[in-house]
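S.K.: please work out how this folds:
(chains A, B and C)
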Amino acid sequence: MTANPEHVRMAEALLFAAKEPLGELDIAARLPEDADIPAILDLLHKHYEHKGVNLVKLAGKWTFLTAPDLSWLLQDEKENTRKLSRAALETLSVIAYHQPITRSEIEEIRGVGLSRGVMDVLFDAGWIRPRGRRRTPGRPVTYGVTQEFLIHFGLDDIRDLPGFDELKAAGLLQTEPSGLFDDLIRGDDAPPLDPEEEED
Amino acid sequence: MTANPEHVRMAEALLFAAKEPLGELDIAARLPEDADIPAILDLLHKHYEHKGVNLVKLAGKWTFLTAPDLSWLLQDEKENTRKLSRAALETLSVIAYHQPITRSEIEEIRGVGLSRGVMDVLFDAGWIRPRGRRRTPGRPVTYGVTQEFLIHFGLDDIRDLPGFDELKAAGLLQTEPSGLFDDLIRGDDAPPLDPEEEED
Amino acid sequence: MKDNGLFNVSDRLDAEEAAASSGPGLVVDLDGYEGPLDVLLVLARDQKVDLLKISILELAEQYLAFIEEVQKLRLEVAADYLVMAAWLAYLKSRLLLPEEPEEDGPSGEEMAERLAFQLKKLEAMRTAAEKLINGQVTGRDRMRRGRPEGVKVVRHSRYDCSLRELLQAYAAHKDRKGIKNPLRLMRNAIYTVEAALERLERMLGKVPDWVDLTAYLPKNLKDPFSRRSAEASTLLASLQMVKEGQLEVRQAHLFGPIEVRARREKRQESEDE
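M.R.: This next block holds a predicted model:
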């Protein structure tokens, strides 16, 4: 550990003033060449570990955030913010779990048409972005979530989204999924399902 | 000094998260009743004194700002502030040092009429505000500077203006008209003005 | 009046000083000045003494010469410059002539002092403005936090939504829609009909007689969901193979075990393939 205290001060100021989380390369680019970035970040991380703000790594980048146990302090004046509509919330979750996904795939999954406003709201919130195009007829645009999405929801990686079983275990699913094979297994007289129907 | 470490963490989180400087009352309102706010602030102030980020008192309120010696490092984070014209900057200084001051007193000190645009720019920036009316014929409006002015220019109090005490001691901050060109312009003695101001 | 940049104040003053020191006769463009007091201040600086000690007489002469020069060049001179010229000419005469004791108003000396004081005040404000703008400006010299969470309003989330809400929305939606739209994340757990078919075809040749269908299930399925999926897919695969004439299937009694075996005539063929 050879973190020069002056370099630590610089990194601290940079991370504090930055409008976005900073990657180690971003910090290295602004500090003197001989600065030992990992040692500096390690030191800062440890230093702020038990403070009111912590230095945390989000989406592979570093930023100061209020200590999670103190977030309630900042909450009671959040009422100015708007709630997402149910449609927007559901669309956002579908995109997060299925990205990259096209508009028509979202509609297919949700079983309803997507009104223009819903995507606008999600774009406005800075949570979704166009990712590319499907190599299918019409080359439809695919969508995915943004880094801001990860930061907002405190995820380091999209793969950190809980899987289905975890959702169930966390009580987020009130009922068991209506089983795919229940009929088949319980009763012989049930009509066999066409497997192609389930695989979208 | 009886600053509870948990209270210190809470104040630290609040001050980091706040978008505007926080007054001691603002902080007290969110901390447990038994929190010793001055002791907490004193402790935080000392703790951050030599760091990349300092706890600073602006306009009587507290905020974290990057250390002044590191400004060279943070060129990219500079906020885009509108450049003030020389006339606007000079007018702003005259108002700050002489407040409360009327429009015609500003003109007298600067020796030139005040174009409408100048005051507009200062109002727009949120740096000046009407303070009241003079108890003189015509009851002219007086102007003063705002809290945002103090915050923007890094001042805790109006007395922290550069050279304020010396200028005041030298009598250079009086707003009484010099009566200089009266003989020529008005030809007769102007009625003696009562400099006392009436706060609306 | 010209609007010079906020940070150019000192440049501007330097330029004025340079111009002023090269003699008033050369500085004839009034556009650069903010009124007669501004001209006087620039001229006064030429004397390089404390403004309270300058020679107002000299200053008055300089100003009058300056205005005369401007007029010679037929440049338009605003009225206030001329008023100042008239006033200075008057002051000059008061200063030069012996004071008459019975005269009203302030003496020439007093007027000169007041003028010097007013110049001093203006200069003080110019210096102050410069110091103010060269001080520690918040957002320029000292930065605020770049991403404040906000105690009042949360800037980074104009739309408020917690992870829990997001997950709940997904789970609820999933629940509502049932299995018609399987989750992609479930697919790993699903034992597909294709996989069951492949496994059944591969293993069939190795077992000569009736065998419980469950024997063909993969052995490594711990998760009950995956196991049920495998059971169903294997049954579907067996029915498919019956349809293709590769397999025979029987069930001795209701809810009894389902047994399968390869059709004898087909066994040979499938081995050849």
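
S.K.: how does chain A divide into domains?
M.R.: According to the domain assignment given by automatic domain parsing, chain A is divided into the following structural domains: A:5-68, A:86-169.

S.K.: what sits against residue C:200?
M.R.: Listed by CB atoms under 8 Å, 6 or more residues apart in numbering or on different chains, the contact partners of residue C:200 are C:216, C:234, C:237, C:238, C:241, C:247, C:260. C-beta coordinates here come from the backbone N, C-alpha and C atoms, glycine included.

S.K.: about what we covered before: which of the domains of chain A has the lowest average pLDDT?
M.R.: If the domains of chain A are sorted by mean pLDDT, domain A:86-169 sits at the bottom with a mean of 84.

S.K.: chain center to that one, what's the gap?
M.R.: The gap between the average C-alpha position of domain A:86-169 and the chain average comes to 10 Å, counting by CA atoms, centre = their mean, to the nearest Å.

S.K.: so which of the contacts of residue C:200 sit within helices?
M.R.: Filtering those for membership in helices, criterion DSSP state H, returns C:234, C:237, C:238, C:241.

S.K.: ok, and which of the residues you listed reach chain A?
M.R.: Counting by CB under 8 Å from any CB of the partner chain, the subset of these that neighbours chain A is empty.

S.K.: make TSV from the residues you listed and add neighbour count to it.
M.R.: TSV is the format used below for the ones in helices among the contacts of residue C:200 (neighbours: other CB atoms under 10 Å in any protein chain shown):
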residue	neighbour count
C:234	25
C:237	26
C:238	23
C:241	23
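
S.K.: who touches stretch C:245-258?
M.R.: Contacts of stretch C:245-258 with the rest of the structure, by CB under 8 Å, 6+ apart, involve A:188, C:200-201, C:204, C:210, C:212-214, C:235, C:238-239, C:241-242, C:259-263, C:266, C:270.

S.K.: enumerate the positions of that stretch that are buried.
M.R.: Neighbour-count burial for stretch C:245-258, with 16 or more other CB atoms under 10 Å in any protein chain shown as criterion, is recorded at C:246, C:247, C:248, C:258.

S.K.: stretch A:109-121 now?
M.R.: For stretch A:109-121, burial by neighbour count (16+ other CB under 10 Å) applies to A:109, A:110, A:118, A:119, A:121.

S.K.: what do you get for stretch A:139-147?
M.R.: Within stretch A:139-147, the residues that qualify as buried are A:142, A:143, A:144, A:145, A:146, A:147, counting by 16+ other CB under 10 Å.

S.K.: that older thread, closest one to chain C out of the buried residues of stretch A:109-121, please.
M.R.: Comparing these against chain C with CB to the nearest CB places residue A:109 closest, at 5.0 Å.

S.K.: quick check: that closest one touching residue A:99?
M.R.: No: taking CB atoms under 8 Å as the definition, residue A:109 is not a contact partner of residue A:99, at 12.0 Å.

S.K.: ok, and the closest non-adjacent residue to residue 139?
M.R.: In the absence of a named chain, chain A is used. In space, and not counting its chain neighbours, residue A:139 is closest to residue A:133: 4.4 Å by CB to CB, 6 or more residues apart in numbering or on different chains.

S.K.: correction: the question concerned chain C.
M.R.: residue B:79 (3.6 Å).

S.K.: closest to the centroid, which residue in the chain?
M.R.: No chain was given, so I picked chain A. residue A:150 (3.0 Å; CA atoms, centre = their mean).

S.K.: quick one, what contacts it?
M.R.: Shown here is residue A:150, whose contacts under the criterion CB under 8 Å, 6+ apart are A:58, A:59, A:156, A:157, A:158.

S.K.: taking these one by one, which sit in strands?
M.R.: Among those, the members found in strands (DSSP state E) are residue A:58.

S.K.: and the residue nearest the centre of chain C, helix, strand or coil?
M.R.: Centroid check for chain C by CA atoms, centre = their mean gives residue C:146 as the closest residue, at 8.7 Å. Look at residue C:146: counting by DSSP: H, G, I helix; E, B strand; the rest coil, its state is coil.

S.K.: quick check: it touching residue B:79?
M.R.: No: no contact is recorded between residue C:146 and residue B:79 when judged using CB under 8 Å, the distance being 10.1 Å.

S.K.: how about the strands in the stretch 101-250 of chain C?
M.R.: C:159-160, C:211-212, C:247-251 (DSSP state E, counting those that start in this stretch).

S.K.: low pLDDT regions in the stretch 151-273 of chain C?
M.R.: C:151-159, C:174-189, C:205, C:207, C:264-273 (pLDDT under 70).

S.K.: which residues of it fall in helices?
M.R.: Secondary structure of the stretch 151-273 of chain C (DSSP state H, counting those that start in this stretch): helices located at C:163-177, C:193-204, C:224-243, C:264-272.

S.K.: beta partners for residue A:130?
M.R.: Beta-bridge pairing of residue A:130 under DSSP bridges involves residue A:143.

S.K.: which residues are in contact with it?
M.R.: Neighbour list for residue A:130: A:141, A:142, A:143 [criterion: CB under 8 Å, 6+ apart].

S.K.: and stretch C:33-45, how far from the chain's centre?
M.R.: 42 Å.

S.K.: how about stretch A:35-53?
M.R.: A distance of 24 Å separates the centroid of the chain from that of stretch A:35-53, by CA atoms, centre = their mean.

S.K.: with stretch C:77-86 instead?
M.R.: Relative to its parent chain, stretch C:77-86 has a centroid offset of 49 Å by CA atoms, centre = their mean.

S.K.: likewise stretch C:107-115?
M.R.: Put simply, stretch C:107-115 sits 55 Å off its chain's centre (CA atoms, centre = their mean).

S.K.: got it, and stretch C:132-151?
M.R.: In terms of CA atoms, centre = their mean, the centre of stretch C:132-151 is set 14 Å apart from its chain centre.

S.K.: and for stretch C:96-110?
M.R.: Taking CA atoms, centre = their mean, the mean C-alpha location of stretch C:96-110 is offset from the chain mean by 64 Å.

S.K.: and it, does that touch chain B?
M.R.: Yes: residues of stretch C:96-110 contacting chain B under CB under 8 Å from any CB: C:105, C:106.

S.K.: mind checking the end-to-end distance for that stretch?
M.R.: From the first residue to the last, stretch C:96-110 extends over 14 Å; the measure is CA to CA, to the nearest Å.

S.K.: ok so, going back, just the closest of the buried residues of stretch A:139-147 to chain C, please.
M.R.: Sorting these by distance to chain C puts residue A:145 at the head of the list, at 10.3 Å, by CB to the nearest CB.

S.K.: distance check, the nearest residue to that closest one once chain neighbours are set aside against residue A:167.
M.R.: Spatial nearest neighbour of residue A:145, excluding adjacent residues (CB to CB, 6+ apart): residue A:96 at 5.1 Å. Going from residue A:96 to residue A:167 by CB to CB, to the nearest Å gives 13 Å.

S.K.: hey, where'd the strands end up in chain A?
M.R.: Read by DSSP E, chain A holds these strands, from start to end of the chain: A:53-58, A:61-66, A:82-83, A:101-102, A:128-133, A:141-145.

S.K.: can you put those in a markdown table and add distance to residue C:133?
M.R.: Converted to a markdown table, the strands of chain A look like this (distance: least, CB to CB, whole Å):
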| stretch | distance to residue C:133 |
| --- | --- |
| strand A:53-58 | 32 |
| strand A:61-66 | 30 |
| strand A:82-83 | 39 |
| strand A:101-102 | 52 |
| strand A:128-133 | 41 |
| strand A:141-145 | 44 |
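
S.K.: please identify which of those is closest to residue B:29.
M.R.: The stretch from the strands of chain A with the least distance to residue B:29 (CB to CB) is strand A:61-66; that distance is 17.4 Å.

S.K.: so does that closest one get close to chain B?
M.R.: Yes: Strand A:61-66 is in contact with chain B by CB under 8 Å from any CB, via A:64, A:66.

S.K.: quick one: that strand near chain C?
M.R.: Yes: legend: contact between strand A:61-66 and chain C by CB under 8 Å from any CB is shown at A:63, A:64, A:65, A:66.
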